[in-house]
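Student: Sequence and computational prediction follow.
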Amino acid sequence: EREREREKERHTHTHRGREIASTMLQGKKVAILAANDFEDLELHYPRLRLKEEGCEILIVGPKENLDFKGKHGVPIKSTVGIEQVKASDIDALIIPGGWAPDFWRREDSFKNLCRDMMAANKTVASICHGPWLLISANCVKGKKMTAFRAIKDDLVNAGALFEDSEVCVDGKLVTSRVPDDLPAFCKAIIHAMAN
């Protein structure tokens with residue numbers, strides 16, 4: 001009982017006189033990739049959900065301070081450039097979908113970050129067309145994954161074990177298909193980061 005009370009104290013704080021739960025993810029750093037034509041919800045939903053969990057969010061573009069618009073016009077500004085981000089400095093990497101992954105997959109710096117995160121056994125989460133970047137980084141062979149159905153063949157041809165489900169977890173690799181999968185996607189990211 002005493003241990004349970006201590007655990008509760010570590011994970012609660014007061015807001016306007018009311019006790020509310022905090023999180024074990026407090027202070028964890030999450031890098032989310034950004035470029036024009038990202039799928040808006042697939043960037044903003046995890047950004048807000050993980051911020052709510054206490055994570056520090058880095059919006060990673062080719063360079064710092066660049067403005068981007070999603071496929072549906074929702075803007076975002078990069079807070080850091082890709083050259084400033086190292087796997088050793090972050091706890092998780094999120095790769096949104098849309099058309100942006102087709103640009104990231106052409107750049108060695110983005111591919112290297114994916115490889116380094118996978119090699120360090122850190123959380124890598126990718127949704128929709130995001131796995132295109134992981135394919136180009138040679139990070140999918142033998143991994144259980146899902147994605148938007150249009151890139152199923154790309155994943156299979158690269159050696160991934162494709163599964164059509166709302167979320168696939170293979171170790172610290174988390175993948176999902178479409179915006180409707182975002183609740184399950186974010187829960188799996190939080191679980192992967194907490195364990």
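Tutor: Sure thing, it's come through.

Student: so what pLDDT did N195 get?
Tutor: N195 carries a pLDDT value of 88.

Student: Which stretches in this structure count as strands?
Tutor: For the chain, strands defined by DSSP state E occupy the ranges 12-15, 18-21, 29-33, 56-61, 67-69, 75-77, 80-81, 92-95, 123-127, 144-145, 161-162, 168-170, 173-176.

Student: Which one, of the ones you listed, ends up nearest to E39?
Tutor: strand 123-127 (7.7 Å; CB to CB). Backbone N, C-alpha and C define where each C-beta goes, glycine included.

Student: Give me the sheet partners of the closest one and which way each runs.
Tutor: Paired strands of strand 123-127, with direction, are strand 92-95 (parallel), strand 173-176 (parallel) (DSSP bridges).

Student: Dump those to a markdown table, plus distance to G159, mean pLDDT and mean neighbour count.
Tutor: Shown next, in a markdown table, are the strands paired with strand 123-127 (distance: least, CB to CB, whole Å; pLDDT from 0 to 100; neighbours: other CB atoms under 10 Å):
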| stretch | distance to G159 | mean pLDDT | mean neighbour count |
| --- | --- | --- | --- |
| strand 92-95 | 18 | 98 | 26 |
| strand 173-176 | 13 | 98 | 28 |
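
Student: Identify whichever of those strands lies nearest to A34.
Tutor: Of all the strands paired with strand 123-127, strand 92-95 sits nearest to A34, with 10.2 Å by CB to CB.
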